[in-house]
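A.B. asks: Mind looking at a prediction? Sequence and model below.
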Amino acid sequence: MTALKLVSSNRIFGGDQRVYSHESKELGCEMKFSVFLPPQASEGGKLPVLFWLSGLTCTEANFVQKAGGQKYAAELGLIIVCPDTSPRNVNIPGEDDSWDFGSGAGFYVDATQEPWKKHYRMFSYVTKELLDLVEANFPVNSEKKGIFGHSMGGHGALVCSLKNLGLFRSVSTFAAISNPINCPWGVKAFSGYLGENREEWKNWDATELVKAYNGPPLEVFLDQGDADQFLKENQLLPNNLAEACRAANFPFILRMRDGYDHSYFYIATFIEEHLRYHAERLQ
Ligand SMILES: N[C@@H](CCC(=O)N[C@@H](CS)C(=O)NCC(=O)O)C(=O)O
């Protein structure tokens, strides 16, 4: 396992907000991730861990700087790990050309298509390599893992939990891309990373995965602002996922938030509710 390099560490609410870098085998490049260690991390016990997956254009920094989650994670004794959203500087022609494909837009899938397939393996990176690194380096209770995310990262949280039966015990999303095979962002990303076979896309689509789910009991907490511009542009399609959950008897909570948009202002407003939700399920 590769060594972690400490990039920064700042005390906040009695815990430490850190950034680390490491050489990723899955992605074939140097990656950064952030980790919040609550005060309880220095008391010798093992703590629950949450993985936060960010949306398009983000890095490991957006959540820690804008969501305001540390205060509640410090109170609840939760470790929060935030990876970057794609490989970086891997010299693929055009990797930096769009904000919704390539750099900053890895979509948490394992690409099968040239020229992306060697590096764009964010699904395996998050659910195997990063998870192993976190368990080896921080005081984590490996029985108590949850995952949550925003927009593209909400899609990632759903897919990482629905495809890894039993790995994550709690899942929540803010403004998730809920049915990517039927929205412009998803069609663009899946065409590029996964090719033109739309049957294969279903293996990476939360709405389709819920229909086929055959794992241990799981509930998804879906959160959505009703003034979200991307909801209006049919990029998010939460009702398609809710409908699939209803039809499959898959437990879900859908909270619509009056007047909230897609931004981290919205996330900061409801982050406490999500962190308490995870803490309760990871007790
Ligand atoms: N770049 C896009 C917006 C992309 C966007 O809204 N990204 C969301 C995730 S999908 C985000 O979290 N942005 C970073 C931030 O708000 O800190 C635009 O200008 O329309």
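C.D. replies: Perfect, thanks for sending it.

A.B. asks: quick one: average confidence on stretch 135-154?
C.D. replies: For stretch 135-154, the mean pLDDT works out to 98.

A.B. asks: So which bits of that stretch are buried?
C.D. replies: Neighbour counts using 16 or more other Cβ atoms under 10 Å place 138-140, 144-154 of stretch 135-154 among the buried residues. Placement of C-beta: from N, CA and C, glycine included.

A.B. asks: Just those residues: which are in helices?
C.D. replies: If you go by DSSP state H, the buried residues of stretch 135-154 have 152-154 in helices.

A.B. asks: How much space separates the closest residue to residue 205 other than its chain neighbours from residue 190?
C.D. replies: Spatially, and ignoring its direct neighbours in sequence, residue 205 is nearest to residue 181 (4.6 Å; Cβ to Cβ, 6 or more residues apart in numbering). Separation of residue 181 from residue 190 (Cβ to Cβ, to the nearest Å): 7 Å.

A.B. asks: For this structure, what lies in contact range of the ligand?
C.D. replies: Residues of the chain lying near the ligand by Cβ under 6 Å from any ligand atom: 55-58, 62, 66, 99, 150-152, 262-264.

A.B. asks: From those, list just the buried residues.
C.D. replies: Of the members of those, the ones counted as buried by neighbours, 16+ other Cβ under 10 Å, are 55-56, 58, 62, 66, 150-152, 262, 264.

A.B. asks: How about the residue of the stretch 101-250 of the chain at minimum distance from the ligand, nearest residue that isn't a chain neighbour?
C.D. replies: Per Cβ to the nearest ligand atom, residue 151 is where the stretch 101-250 of the chain lies closest to the ligand, at 3.4 Å. Among residues not flanking residue 151 along the chain, residue 55 sits closest, at 3.2 Å (Cβ to Cβ, 6+ apart).

A.B. asks: Ok, residue 105 next?
C.D. replies: Once flanking residues are discounted, residue 105 sits nearest to residue 56: 5.3 Å by Cβ to Cβ, 6+ apart.

A.B. asks: Which element, helix or strand, includes that neighbour?
C.D. replies: Using DSSP states H and E, residue 56 maps to neither a helix nor a strand.

A.B. asks: Now do the contacts for it.
C.D. replies: By Cβ atoms under 8 Å, 6 or more residues apart in numbering, the residues touching residue 56 are 85, 99-100, 104-105, 151-152, 185.

A.B. asks: Make TSV from those and add secondary structure to it.
C.D. replies: Below are those laid out as TSV (DSSP: H, G, I helix; E, B strand; the rest coil):
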residue	secondary structure
85	coil
99	coil
100	coil
104	coil
105	strand
151	coil
152	helix
185	helix
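
A.B. asks: okay, now the residue lying closest to residue 60 once chain neighbours are set aside: neighbour count?
C.D. replies: Leaving aside its sequence neighbours, residue 60 sits nearest to residue 34 (Cβ to Cβ, 6+ apart; 4.4 Å). Using other Cβ atoms under 10 Å, residue 34 has 23 other residues around it.

A.B. asks: Distance check, residue 34 against the ligand.
C.D. replies: Per Cβ to the nearest ligand atom, to the nearest Å, residue 34 is found 14 Å from the ligand.

A.B. asks: pLDDT at the spatially closest residue to residue 257 that is not a sequence neighbour, what is it?
C.D. replies: Nearest residue to residue 257, sequence neighbours excluded (Cβ to Cβ, 6+ apart): residue 225, at 4.8 Å. As predicted, residue 225 sits at a pLDDT of 98.

A.B. asks: got the contact list for residue 225?
C.D. replies: 175, 231, 256-257, 259-262, 266 are the contacts of residue 225 under Cβ under 8 Å, 6+ apart.

A.B. asks: Can you tell me which of those is closest to the ligand?
C.D. replies: Nearest to the ligand out of these is residue 262 (Cβ to the nearest ligand atom; 5.5 Å).

A.B. asks: Residue of the chain closest to the ligand, please.
C.D. replies: Nearest residue of the chain to the ligand: residue 55, at 2.6 Å (Cβ to the nearest ligand atom).
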